[in-house]
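In: sequence unknown, structure follows:
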C-alpha cells in the first residue's frame, strides 16, 4: 500500500506548511496534496456566521507551487481543484509549469465543486449538480488535450478551444489527472472515461469496495482497462478522540466514524480492510493544528506493516 498526506490550507502559515511538508517527505510518504478553498472548509458564510475556523485559508495554486519547490521526492497533488473556479486552460498551463518546477512530480486532481458559500461570496454562478458535473467532464477533457496535444481543439457547452497551445509541456509524458468523488452515475463514469486516478474521502471500507466495483463496471462499459486507474482513499487519523475534534471541529462527527483510531494494530487492520476493498493509496487528511506526533507514530509503526 502507498501512503500520502493531504494537508489542509486553513488556519496555518506558509512556514508551518513547509516544515510539515519536509517532515512528511522525510518520513517516506510518497504523496502530499493541497486543497482548493477560498475559506476554511467548515465555515458557514451565511446564516449564523463563521464557525470555529473562520475564513483563514491559503490559496491553492500558489501553495501548490510552494509545495513543488519545497520538496524533492513526493508526488505533489491536489484533492481537488474545483472545475467551477477556473478555466481549464488555467489548470493546464499551471500544471505544466508546476511539472517543470517539480521535475515531473505533479498530479492534477479535479472535482465538480460543492461549497456554495464560496461561490455566492465571490459571485461565481453555482449551477445544479448536473451542470457542475458537465463542467467537470468538459474541463477534464480540455486539460488533457492541452497537456498532450500540440494544438487543442474542443467544442463543448461550457468551454471551447480553437488551435489552443499549452507550452512548455509537462516533464511527464502523461501528467496524471485524478477525479474526486463517489457519484455512481456520473462522477465514476467520468473517471472511467477520462481519469488516471480516483479519490474518495471519509468512507468505510464497505462503501469504498462498492464504489470501486461501480467504477470497474463503468470501465467495462467504456472499454477501459480498470487497472490503469489509481484508486485512493482519504482518511482522518486520530490516535485520541480529542485529536479529531481539535483538527476537524464541526466536521468531526461526520468524519469520526471512518477515522483511523485505536491501537497501532487496529489502525493496521483497518487499513488492511481498505486495501482489500481496492484502495491502492491511503492518504491521511490533516488540518491545523497539525498532529505531527501522531503523524510520526503512523510513519514509524503503521506504514512498515503495510508496505
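Out: Here it is on my side, so go on. Computed from a prediction, not measured in an experiment: that's the story for all the values here. Numbers count the residues shown, from 1 in each chain.
In: Report the mean confidence score over stretch 156-166.
Out: Across stretch 156-166, pLDDT averages out at 98.
In: For it, report the contacting residues that lie outside it.
Out: If you take CB atoms under 8 Å, 6 or more residues apart in numbering as the criterion, stretch 156-166 is touched by 87-89, 92-93, 96, 134-135, 138-139, 141-142, 145-147, 150-154. C-beta here means a position set from N, CA and C on the backbone, and glycine is covered the same way.
In: Show me what counts as buried in it.
Out: Buried residues in stretch 156-166, counting neighbours by 16 or more other CB atoms under 10 Å, are found at 158, 159, 161, 164, 166.
In: go on, stretch 136-153?
Out: For stretch 136-153, using 16+ other CB under 10 Å, the buried residues are 136-147, 152.
In: now, which of these sits nearest residue 112?
Out: residue 136 (4.3 Å; CB to CB).
In: Give me the phi and psi for that closest one.
Out: Note on residue 136: its backbone torsions stand at phi -60, psi -50 [degrees, to the nearest 10].
In: which residues sit in contact with it?
Out: 83, 110, 111, 112, 113, 179, 187, 190.
In: Start and end of stretch 243-260, how far apart?
Out: 11 Å (CA to CA, to the nearest Å).
In: how far out from the middle of the chain is that stretch?
Out: Distance of stretch 243-260 from the chain centroid (CA atoms, centre = their mean, to the nearest Å) equals 18 Å.
In: which non-adjacent residue is nearest residue 221?
Out: Nearest residue to residue 221, sequence neighbours excluded (CB to CB, 6 or more residues apart in numbering): residue 192, at 7.3 Å.
In: I misspoke; the intended subject was residue 36.
Out: In space, residue 36 comes closest to residue 60 once its chain neighbours are excluded; the distance is 4.2 Å by CB to CB, 6+ apart.
In: Can you tell me how far the one you found is from residue 100?
Out: 18 Å (CB to CB, to the nearest Å).
In: neighbour count winner among those two?
Out: For residue 60 and residue 100, the more surrounded residue by other CB atoms under 10 Å is residue 60, and the numbers stand at 21 against 15.
In: So that one sits against residue 77, correct?
Out: No: between residue 60 and residue 77 there is no contact under CB atoms under 8 Å: 11.3 Å.
In: Can you pull the residues that touch both of these two?
Out: Joint contacts of residue 60 and residue 77 (CB under 8 Å, 6+ apart) are residue 34.
In: Show me which positions of stretch 206-217 end up buried.
Out: Going by 16+ other CB under 10 Å, stretch 206-217 has these buried residues: 208, 209, 210, 211, 212, 214, 215, 216.
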